[in-house]
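Student: Give me a 3D structure for the following:
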Amino acid sequence: MLTIIVPEHEEYDDDRDLFITVKATTLKLEHSLVSISKWESKWHKPFAVKEKRTVEETIDYIRCMTLNDVDDATYMRLVRYPDLLKSINDYIDDPMTATTFNERGGKQAPKREIITAEIVYYWMVSNGIPFECQYWHLNKLLALIKVCNIKNTPQKKMSASEIAAQNRLLNEARRKKWNSHG
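Tutor: Prediction:
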């Protein structure tokens, strides 16, 4: 979860013709499958597509990520604070795991497949991942799905040239370790 504070500031109230002080507001955000599902339900387009979202779509996604009660005007105030928006985007992009993947192994989603919340829910069901995980940070959930796919895929056999290359590296390491020539 990410907690950010939209700072206190003054605004001009046109209706009352005076300056008012707007108190600081705390936002508790969670980038999760649930947030994406809410956003896709409203906008009817996949969140995972790398095309640029409008300011309205971005602010609405932050609204979908919010776990606490916040005044709607707070979201529009975020536009004034690019550093807060950057920290939100950094949080969304954070992998939230130490797991790394060797691109050689494991199933990959086809490059042309459009990934929506329903596709991710399908992956959860097909891998037996409990629905409590829909509240995890999305990148952590996707890493778990990828681990499940890798572990459930039979290991690909190495070609003769790959075996030879691996043996060559092992032999070189042994020669170096034992200071031998053959």
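Student: what ranges do the helices span in this protein?
Tutor: 33-43, 55-65, 72-77, 82-93, 117-126, 138-152, 160-178 (DSSP state H).
Student: partners of the helix or strand bottoming out on mean pLDDT in the chain, with directions?
Tutor: Sorting the helices and strands of the chain by mean pLDDT, DSSP states H and E puts strand 9-13 at the bottom, at a mean of 83. On the basis of DSSP bridges, the sheet neighbours of strand 9-13 come out as strand 18-22 (antiparallel).
Student: For the strand it pairs with, give me every contacting residue.
Tutor: Glu8, His9, Glu10, Glu11, Tyr12, Asp13, Ala73, Arg77 (CB atoms under 8 Å, 6 or more residues apart in numbering). C-beta coordinates here come from the backbone N, C-alpha and C atoms, glycine included.
Student: and which of those is nearest Glu172?
Tutor: For those, the minimum distance to Glu172 (CB to CB) is 60.7 Å, reached by Arg77.
Student: got the contact list for the residue nearest the centre of the chain?
Tutor: Centroid-nearest residue in the chain, with CA atoms, centre = their mean: Asn139, separated by 3.6 Å. Residues in contact with Asn139, defined by CB under 8 Å, 6+ apart, are His31, Asp93, Asp94, Pro95, Met96, Thr97.
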